[in-house]
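In: Quick one, structure for this:
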Amino acid sequence: MIYAFDRATALAAIENRQIQSNVQSPSGALRRASAIMPDGAIMTHEDLELIREIVLHGGAKYTAGNIDRSKYQRLVDLGWLSPLVMNKTDIAYETTKAGEVAAS
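Out: This is a model prediction of the structure:
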């Protein structure tokens, strides 16, 4: 686990640990590279991959139907996406300035 004082440090730390992101621990479980943000949120390499993919495809993601949105909710919690509820089953997400910075 990396303790970071700012988002830039956390992003750099995650990038530097990409090679170690899927290391087998002695107990047999996979460890994931992660960083604790100043506000207490935990950012993972998977979060960075997802925000980069969303930014690459125009900065928005539309989800429809009864699907698992937990990976998008993590980005909302980090302040990287903002949700817009379209109806009971559809949610559109747009990147925030912080999300664009994280993706760069």
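
In: in the lengthiest helix in the chain, what counts as buried?
Out: Of all segments of type helix in the chain, defined using DSSP state H, the longest is helix 45-56. Applying a neighbour-count criterion of 16 or more other C-beta atoms under 10 Å, the buried positions in helix 45-56 are 45, 47-48, 50-51, 54-55. Placement of C-beta: from N, CA and C, glycine included.

In: helices or strands next to that helix in the packing?
Out: Packing contacts for helix 45-56, counted by 3 or more C-beta pairs under 8 Å, 6 or more residues apart in numbering; DSSP states H and E, involve helix 7-16, helix 70-78, strand 91-95, helix 97-103.

In: weakest of those in terms of mean pLDDT?
Out: Among the helices and strands packed on helix 45-56, helix 7-16 has the lowest mean pLDDT, at a mean of 59.

In: what stretches of the protein score poorly on pLDDT?
Out: 1-41 (pLDDT under 70).
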